[in-house]
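[1] Here is my input; please provide its structure:
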Amino acid sequence: MELSIDTSTRYASIALSERGALISGETWHSQQNHTVELAPAVDRLLKKVDATPSSLTAVFIALGPGGFSALRVGLGFAKGMAEGLHVPLVGICTLEIEAHPYLATGQPAYTTPVYAIIEAGRSQIAWAGYRGTRCIAEPQVTTPEELAAAAGHPAVFCGEGLASCVSILKTTLPNDTFHEAAPPTRNAATLAVLAWQRFERGGIDDPAILQPLYLRRPSISLPKTPKA
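    Numbers count the residues shown, from 1 in each chain. You can find the predicted model right below:
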């Protein structure tokens, strides 16, 4: 049984799965409080299915982009579980999780690019592009206008951050498709599917070196240099 954890944003999610197939899951809105919410939520979910941590055979984690502190909490917890239980750890980009429900593997939809978006603050967005099973635009932080200029067309746009920039994108790209779903726009069940697929291909991460996908420095002020 695998444990999937996504604390990329204020919408946190966990799931238990068997070979990627969902057993049970929980998604909630966190008021910047992942530190005190995550461990009790995992314990509650394990008890719900009459399981214990020793029942786990792998840990899957959403790597971001997302909130700086939120990502650190999730990855730190996942690393601790994986190392403590001596089970594999597999990380997946949060933007791929957002895009997955809208990706198609058959023609002609296979050729339609999907752009997943998460808010990055400072009037910017984090986004990546996918077509079928391929990433066609690596995760990056830009303005919505820069995404509109870079995207292939016709295209599909989705993700938790779409609401923050959809009016800008629609003005520039009126003929594209916009999935304006209310949050939460993703859950750990999708992470379980993607991570299991990667695990089957031999994609296992080293807990000692795996890092969150921040894309940029946290939004904090640097200390001033002391005067001589």
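
[2] Excluding chain neighbours, what is closest to the residue positioned nearest the centre of the chain?
    Here the mean C-alpha position of the chain is nearest to the C-alpha of Thr94 (Cα atoms, centre = their mean), at a distance of 1.8 Å. Nearest in space to Thr94, with sequence neighbours left out and distances taken as Cβ to Cβ, 6 or more residues apart in numbering, is Ser8 at 4.2 Å. Where you see a C-beta, it was placed from the backbone N, CA and C, and this is true even at glycine.

[3] Can you give me the neighbour number for the one you found?
    Using other Cβ atoms under 10 Å, Ser8 has 31 other residues around it.

[4] Likewise for the one 5 residues further on?
    Residue neighbour count, defined by other Cβ under 10 Å, stands at 25 for Ser13.

[5] Quickly find the element holding Leu46.
    Using DSSP states H and E, the element containing Leu46 is helix 34-48.

[6] In this structure the residue nearest to the centre of the chain contacts Pro184, no?
    No: using Cβ atoms under 8 Å, Thr94 is not in contact with Pro184; the gap is 12.0 Å.

[7] residue ranges of the strands in this protein, please?
    Here the chain has its strands, by DSSP state E, at 2-6, 11-18, 21-29, 58-62, 89-92, 114-121, 124-131, 134-142, 156-158, 177-178.

[8] still on that earlier bit, which elements pack onto the helix holding Leu46?
    Helices and strands touching helix 34-48, by 3 or more Cβ pairs under 8 Å, 6 or more residues apart in numbering; DSSP states H and E, are strand 2-6, strand 11-18, strand 21-29, helix 68-85.

[9] List the strands paired with the second one, with their directions.
    Take DSSP bridges as the rule and strand 11-18 pairs in its sheet with strand 2-6 (antiparallel), strand 21-29 (antiparallel).

[10] Which of these has the highest mean neighbour count?
    Among the strands paired with strand 11-18, strand 2-6 has the highest mean neighbour count (mean count of other Cβ atoms under 10 Å), at a mean of 28.

[11] who's in contact with that strand?
    Strand 2-6 has contacts (Cβ atoms under 8 Å, 6 or more residues apart in numbering) with 12-20, 25, 38, 42, 56-62, 74, 77-78, 81, 94, 97, 186-189, 191-192, 195-196.

[12] From those residues, list the buried ones, please.
    12-17, 20, 25, 38, 42, 56, 58-62, 74, 77-78, 81, 94, 97, 186-189, 191-192, 195-196 (16 or more other Cβ atoms under 10 Å).

[13] still on that earlier bit, what are the neighbouring residues in contact with the residue nearest to the centre of the chain?
    Shown in contact with Thr94 (Cβ under 8 Å, 6+ apart): Asp6, Ser8, Thr9, Ala62, Leu63, Gly64, Pro65, Gly66, Ile118, Arg186, Leu213.

[14] Ignoring the adjacent residues along the chain, who's closest to the first one?
    By the measure of Cβ to Cβ, 6+ apart, the closest residue to Asp6 outside its immediate chain neighbours is Ala62, 3.8 Å from it.

[15] Tell me which residues touch that neighbour, please.
    Taking Cβ under 8 Å, 6+ apart, we find Ala62 in contact with 4-8, 74, 91-94, 97, 188, 191.

[16] And this protein, what are its domain boundaries?
    What automatic domain parsing lists as the domains of the chain is 2-93+186-200, 95-178.

[17] got those as TSV, with mean pLDDT and distance to Ile209 columns?
    Shown next, in TSV, are these (pLDDT from 0 to 100; distance: least, Cβ to Cβ, whole Å):
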stretch	mean pLDDT	distance to Ile209
domain 2-93+186-200	96	10
domain 95-178	91	18
